[in-house]
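Asker: build me a model from this:
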Amino acid sequence: MTDEDNTSAPRRESRRRFAKAVAAALVAAPLARVAAQAPPATREATAPPNPQPSPSPQQPAAPPPLAVAYAEVARVRFGDKLSDEELTRVRRDLAGNVRAADALRAVKLKNADEPDFVFSA
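Answerer: You can find the predicted model right below:
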C-alpha cells in the first residue's frame, strides 16, 4: 500500500460523514421548525376567518413597448411562416425576455463586485 492510498481513505470517509450530516440536517430542519411552533392547545381560540370572495381573474400585464416592437419585427420578418398561435407564443416569450432583461438591468453592481465563479484555463 502506498502513502497515497492511506491519505485518500480518510477523505472518502469524511465526505461520507459530511453527506450524511447534510442529509440529516435536511430531514431535521422541517421537524425542528414544527417543534419550535407553539402547540395547538396553547393557542387562543379564534373565530374562523370570513370567507374571502375569490379574486376575479386579472388581465395579464401589458407587454413592455420594447417587446411589442420586437414582436412586430418578428411578425414582419417571419409572419408568413408562423401561425397565429405561434405568433402569440413569440409575443409572450419576447415580453418575458424583456422583463427579465429589465430585472437584470435594475441590479446595480459596484466596480468591486466579482463574478460568482472564477474562469480558469
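Asker: which of the residues in the one helix or strand L87 maps to are classified as buried?
Answerer: In this structure, L87 sits in helix 84-106 according to DSSP states H and E. Across helix 84-106, burial judged by 16 or more other Cβ atoms under 10 Å covers V90, R91, L94, A95, V98. C-beta here means a position set from N, CA and C on the backbone, and glycine is covered the same way.
Asker: and the pLDDT at the first one?
Answerer: Read that as V90. Looking at V90, its pLDDT stands at 93.
Asker: surely it and L82 touch.
Answerer: Yes. V90 lies in contact with L82 (Cβ atoms under 8 Å); the separation is 7.0 Å.
Asker: so what's in contact with those two at the same time?
Answerer: Contact criterion Cβ atoms under 8 Å, 6 or more residues apart in numbering; residues shared by V90 and L82: A74.
Asker: quick one on the thing from earlier: of the buried residues of helix 84-106, which is the nearest to Y70?
Answerer: Of all these, L94 has the smallest distance to Y70: 4.7 Å, by Cβ to Cβ.
Asker: what residues does the helix holding L87 touch?
Answerer: Defining contact as Cβ under 8 Å, 6+ apart, one finds that helix 84-106 is touched by P63, P64, L66, A67, V68, Y70, A71, A74, R75, G79, L82.
Asker: cool, thanks, signing off.
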